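Asks: how would this look folded up:
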Amino acid sequence: MLAEAWEPELLKDGLFDMAYAWDRHHAMNHIAKGEKDAAEFTTTLQTDFERYEADDILMNFVTNHDENSWNGTIKERMGEAGEMMTALAYVTPGMPLIYSGQEYDLDHRLLFFEKDSFPHTKGKTWKVLEKLATLKQNNAALHGGKDSTKYNAIDNGKDVISFSRSKGNDEVVFIANVSEENVKANVPQKGTYVDYMSNETIELKGDAIMLEANQYKILVKQ
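Replies: Modelled structure (predicted):
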């Protein structure tokens, strides 16, 4: 049962199972616009871990019916960071939301109280969502629900959102440069990983790696 709200008390005593991760969404918007740095998302996650119970589920989203109609499309609010934030919504603990038309590269504020429509042409976003969903469904490190996997923050300062999630032998590392400059980001993991979105195999040696402006990587342990 999904509550169209965020209050932790709504998830207690067998009421609702899941709520909207509004604070995470606001953090994504702020960071994408350059109003805040990476620390806002890390701090928001920590706050959520403290105020919600371990078996509570939060729904991560980059858009929904209110945001699209009243505050703008993903492109309007997040610009070039839209795909990065979409990937973040999938790998962060919780359940990702796909809003109507998002999968078809929706770039239109849908009318809220009148009939409206969008084209049904599969483009770039469809492929991105399909790939992200495959990883979330098939890799135990991203499993959620009532048995969510372990989350480990990786400190990379104000320009980089980075963390790993793991369960058993499975591990997924997310690292994203949210600045407009190239940066070196610390990745403490060692071993063979796949850069999931590019399908390239890389050897991590516990060293820093270079990330271009607004670049993200999802590294999957082999």
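
Asks: give the helix, strand or coil label for residue 151.
Replies: With DSSP: H, G, I helix; E, B strand; the rest coil as the basis, residue 151 sits in strand.

Asks: okay, now it: neighbour count?
Replies: The burial count assigned to residue 151 is 15, neighbours taken as other C-beta atoms under 10 Å. (C-beta placed from N, C-alpha, C; glycine too.)

Asks: I'd say it and residue 91 touch.
Replies: No. Under the criterion of C-beta atoms under 8 Å, residue 151 is not in contact with residue 91, lying 10.0 Å apart.

Asks: intersection of neighbour lists for these two?
Replies: Common neighbours of residue 151 and residue 91, using C-beta atoms under 8 Å, 6 or more residues apart in numbering, are residue 165.

Asks: for this protein, what spans make up the strands?
Replies: Counting by DSSP state E, one finds strands in the chain at the ranges 2-3, 18-20, 57-60, 95-96, 150-153, 160-167, 170-177, 183-186, 190-195, 200-205, 208-211, 216-221.

Asks: now distance to residue 110 and mean pLDDT too, for the ones you listed, in TSV please.
Replies: TSV is the format used below for the strands of the chain (distance: least, C-beta to C-beta, whole Å; pLDDT from 0 to 100):
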stretch	distance to residue 110	mean pLDDT
strand 2-3	20	96
strand 18-20	18	97
strand 57-60	19	96
strand 95-96	20	96
strand 150-153	34	92
strand 160-167	29	97
strand 170-177	28	98
strand 183-186	36	96
strand 190-195	35	98
strand 200-205	37	97
strand 208-211	34	96
strand 216-221	27	98
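
Asks: ok, the residue of the chain positioned farthest from its centre to residue 213 distance?
Replies: Relative to the mean C-alpha coordinate of the chain, counting by C-alpha atoms, centre = their mean, the farthest residue is residue 114 (30.6 Å). Counting by C-beta to C-beta, to the nearest Å, the separation of residue 114 from residue 213 is 39 Å.

Asks: what stretches of the chain score poorly on pLDDT?
Replies: Along the chain, segments meeting pLDDT under 70 span 146.

Asks: and the longest helix for it?
Replies: When the chain is scanned for its longest helix (criterion: DSSP state H), the result is helix 124-138.

Asks: residues of that one that come out buried?
Replies: Across helix 124-138, burial judged by 16 or more other C-beta atoms under 10 Å covers 125, 128-129, 131-132, 135-136.
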